[in-house]
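**Q** Sequence first, predicted model second:
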There are 2 protein chains.
Amino acid sequence: MAEDRRTRRTRRALGSALVELVLERGFSALTVEDITERADVARATFYAHFKGKDDLFARVATDLLEQLAQRLEPAVSGSAVGFTGKPLLEMLRHVSDERDTYRVVLRGEGDGKPLQMFVDSCAAATAQEFKARAERNSVQPRIDADLLARVWVGEQIAVLRWWAEQDTPPMPAEEVVRMLLDLALHGRYWASGFTAPDQD
Amino acid sequence: MAEDRRTRRTRRALGSALVELVLERGFSALTVEDITERADVARATFYAHFKGKDDLFARVATDLLEQLAQRLEPAVSGSAVGFTGKPLLEMLRHVSDERDTYRVVLRGEGDGKPLQMFVDSCAAATAQEFKARAERNSVQPRIDADLLARVWVGEQIAVLRWWAEQDTPPMPAEEVVRMLLDLALHGRYWASGFTAPDQD
DNA sequence: AACGTTTACAGACACAATGTTTTGTATCTT
DNA sequence: AAGATACAAAACATTGTGTCTGTAAACGTT
């Protein structure tokens, strides 16, 4: 009782068509018929699989997240948590492999809901690691934990987005990771080449 | 030849109605009629002012940005640029004053287009300041400038968003600025209470 | 290879939202 | 007060939505 091949085919076709078309025209400009036409699928068939275009988009996004989680598992469970760079490296690679889908999600199409899912997922993972580290080493953060987590995740998303929008990689993924490790270590002034801030 | 009062009234009413309704139901779930009903304006009148709901939303967003730019001007032109914290402080205050509108924009409603406007605006300002500093002090950033700018802006947006979503301020705006200055100075490990990263 | 089952297709349907137009009325500016 | 302008109300064609048919093809199973 394995999944029907026709089902797989049409679902895939609809998902790809959605991503293509969102990149071309933007999510809100699309009709269900646009999608089915591109995918070469009858409109009625679309509704046999999805409630509407939001539903389709949501599934595309969750599929992406599941795939990412799967690829991230060894990197996360391996190290004793913290910002080792391994998870980020794996993420960058995943983005390279699924560039179009990431672009669509990270651009915040679909009223930012799929992106929200992504952010929440990252935030949850971050908060968890964060707490674990704090407990393990029994230290108190010098900056409000909630605020710090937001900054952390916002930074990661910004990097992924930048990475996704590149047509041709401006530098190897390992280089990006190295830079961000340095940034996390030394702070932004160091990174920008300065040693002292303007205080006024 | 000042602007007609009726025009101002209806435009305001429609803008407020949009923000209210987006917070309640989300942008994509709204119809033009929903908005006109809430604003107590005839549907035909709506189209006399705006091309559609996207257009209305775009104007609400640009109005917000203009207002922000106006409030930011003294803070930016006053200091010789750099991360002084003054602009950020002013931004946080503006968010407090226009919380609802900021929520709507920063959540990425409307396929993230208004948010994109916001990000681009911040990125442009950041890049400009960044370049000016580098030239003034004739130093080379240790991290790719483009990447650093993204991280920078991503961080700011994350903070603003966190700030906007608070119902009751968890700390004074000045405190937030202080934390972020510290973060920019010393890096993330310092902020989280650690001194050395996990390297593996 | 033939079976019963599942899925896709094409077309038709009522319904909802869009965007435009018209005409009369109320409210502005000067 | 007078002329201009914006608004309300209603009707309109158009487009997209979501659902439902009967029929044909592809599927997994045995």
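**A** Perfect, thanks for sending it.

**Q** how is chain A carved up into domains?
**A** Taking automatic domain parsing as the reference, chain A has its domains at A:1-50, A:57-186.

**Q** Between the two ends of the last one, how far is it?
**A** It refers to domain A:57-186. Counting by C-alpha to C-alpha, to the nearest Å, you get 39 Å between the two ends of domain A:57-186.

**Q** The helix or strand containing residue A:23 near chain B at all?
**A** Taking DSSP states H and E as the definition, residue A:23 sits inside helix A:5-25. No: figure legend: helix A:5-25 not in contact with chain B (C-beta under 8 Å from any C-beta of the partner chain); closest approach 9.0 Å. Quick note: C-beta positions are derived from backbone N, CA and C, even for glycine.

**Q** and chain A, which residues reach DNA strand D?
**A** A:1-6, A:31-33, A:43-44, A:47, A:51-53 (C-beta under 7 Å from any atom of the strand).

**Q** which two from the residues you listed end up farthest apart in space?
**A** Pairwise distances among those were taken by C-beta to C-beta; the largest, 34.9 Å, belongs to A:1 and A:31.

**Q** of these two, who's got more company?
**A** residue A:31 (11 against 3; other C-beta atoms under 10 Å in any protein chain shown).

**Q** got the phi/psi numbers for the more buried one?
**A** phi -110, psi 160 (degrees, to the nearest 10).

**Q** And residue A:26, by the same measure?
**A** Here is the backbone geometry of residue A:26 (degrees, to the nearest 10): phi 90, psi 150.

**Q** So what's the residue count around it?
**A** 17.

**Q** That one contacts residue A:108, correct?
**A** No: Residue A:26 lies out of contact with residue A:108 (C-beta atoms under 8 Å); the separation is 10.8 Å.

**Q** any residues in contact with both of these two?
**A** Residues touching both residue A:26 and residue A:108 (C-beta atoms under 8 Å, 6 or more residues apart in numbering or on different chains): residue B:111.

**Q** follow-up on the earlier one: with distance to DNA strand C and mean pLDDT added, can I get the domains of chain A in TSV?
**A** Shown next, in TSV, are the domains of chain A (distance: least, C-beta to the nearest atom of the strand, whole Å; pLDDT from 0 to 100):
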stretch	distance to DNA strand C	mean pLDDT
domain A:1-50	3	95
domain A:57-186	14	89
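
**Q** Buried deepest among these, which one?
**A** domain A:57-186 (a mean of 18; mean count of other C-beta atoms under 10 Å in any protein chain shown).

**Q** Packing partners of the helix or strand that contains residue A:180?
**A** For residue A:180, the element it lies in under DSSP H and E is helix A:173-186. On a contact count with 3 or more C-beta pairs under 8 Å, 6 or more residues apart in numbering or on different chains; DSSP states H and E, helix A:173-186 meets helix A:86-97, helix A:145-165, helix A:188-192, helix B:145-165, helix B:188-192.

**Q** what's the closest of those helices to residue A:120?
**A** For the helices and strands packed on helix A:173-186, the distance to residue A:120 is smallest for helix A:145-165, at 9.2 Å, taking C-beta to C-beta.

**Q** can you tell me if that closest one touches chain B.
**A** Yes: using C-beta under 8 Å from any C-beta, helix A:145-165 comes into contact with chain B via A:146-148, A:150-155, A:157-159, A:161-162.

**Q** what residue lies at the spatial centre of chain A?
**A** residue A:118 (5.4 Å; C-alpha atoms, centre = their mean).

**Q** Which residue, other than its chain neighbours, is closest to that one?
**A** residue A:105 (5.9 Å; C-beta to C-beta, 6 or more residues apart in numbering or on different chains).

**Q** Over to residue A:60?
**A** Going by C-beta to C-beta, 6+ apart, residue A:60 has residue A:15 as its nearest residue, at 4.9 Å.
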